[in-house]
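Engineer: Okay, sequence plus prediction incoming.
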Amino acid sequence: MRNIKKAGAIFFILFMIGLIVFCERKSYWERTTFRKEAINSYIIQKRSNWTGGRSYDYLLPNNIVLTLPNNQNLVKGDSISKKSNTYRFSVYRKDTVGQYRFYKDYDIQ
């Protein structure tokens, strides 16, 4: 019985380490992809992620994911413009007549 409890505890610890490594690798891959790509696109979806509301994932049509803290007020439909090999980008938002206007610059480095 004691061996079963030890095995269960070891399995749980290994599972948690594996989960943390997976999340960190996924996050690293998303940041690297975002940095490398030149982007002139728009946000198609805002979704919660594993951080429990401390940040959100913003999905772009070309499968690029932008993760920002929840105090950044991006919305579905905002336009993102970014040069390649940088973390700096500009956001444009539609005004009341449907024209995109400059909203804010970001640097997520």
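Structural biologist: Received it, and whenever you're ready, just let me know what you need. From a predicted model like this one, the values you see are computed outputs, not experimental measurements.

Engineer: Need the residue closest to the centroid of the protein.
Structural biologist: The centroid of the chain falls nearest to Thr67 when counting by CA atoms, centre = their mean (2.2 Å).

Engineer: From what I see, that one and Asp57 are in contact.
Structural biologist: Yes: contact criterion CB atoms under 8 Å: Thr67 and Asp57 qualify, at 5.3 Å. The way it works is simple: take the backbone N, C-alpha and C, and place the C-beta from them, glycine included.

Engineer: Need the residues touching each of the two.
Structural biologist: Residues touching both Thr67 and Asp57 (CB atoms under 8 Å, 6 or more residues apart in numbering) are Asn49.

Engineer: Helices of this structure, start to end?
Structural biologist: 2-36 (DSSP state H).

Engineer: give me the beta-bridge partners of Gln45?
Structural biologist: Here Gln45 sits in beta bridges with Leu59, going by DSSP bridges.

Engineer: Can you tell me how far Phe34 is from Ser48?
Structural biologist: Between Phe34 and Ser48 the distance is 19 Å, computed by CB to CB, to the nearest Å.

Engineer: which of these two has more neighbours?
Structural biologist: Between Phe34 and Ser48, counting by other CB atoms under 10 Å, Phe34 is the more crowded of the two (20 against 12).

Engineer: Contact partners for that one?
Structural biologist: Counted by CB under 8 Å, 6+ apart, Phe34 has contacts Ile64, Val65, Leu66, Tyr87.

Engineer: Setting aside sequence neighbours, what's the nearest residue to the second one?
Structural biologist: When you say that, I think you mean Val65. Glu30 (4.6 Å; CB to CB, 6 or more residues apart in numbering).

Engineer: swap in the third one?
Structural biologist: Nearest residue to Leu66, sequence neighbours excluded (CB to CB, 6+ apart): Tyr58, at 4.4 Å.

Engineer: List the beta-bridge partners for the nearest residue to Asp95 once chain neighbours are set aside.
Structural biologist: Sequence neighbours aside, Arg101 is the residue nearest to Asp95 in space, at 5.0 Å (criterion: CB to CB, 6+ apart). Judged by DSSP bridges, the bridge partners of Arg101 are Arg93.
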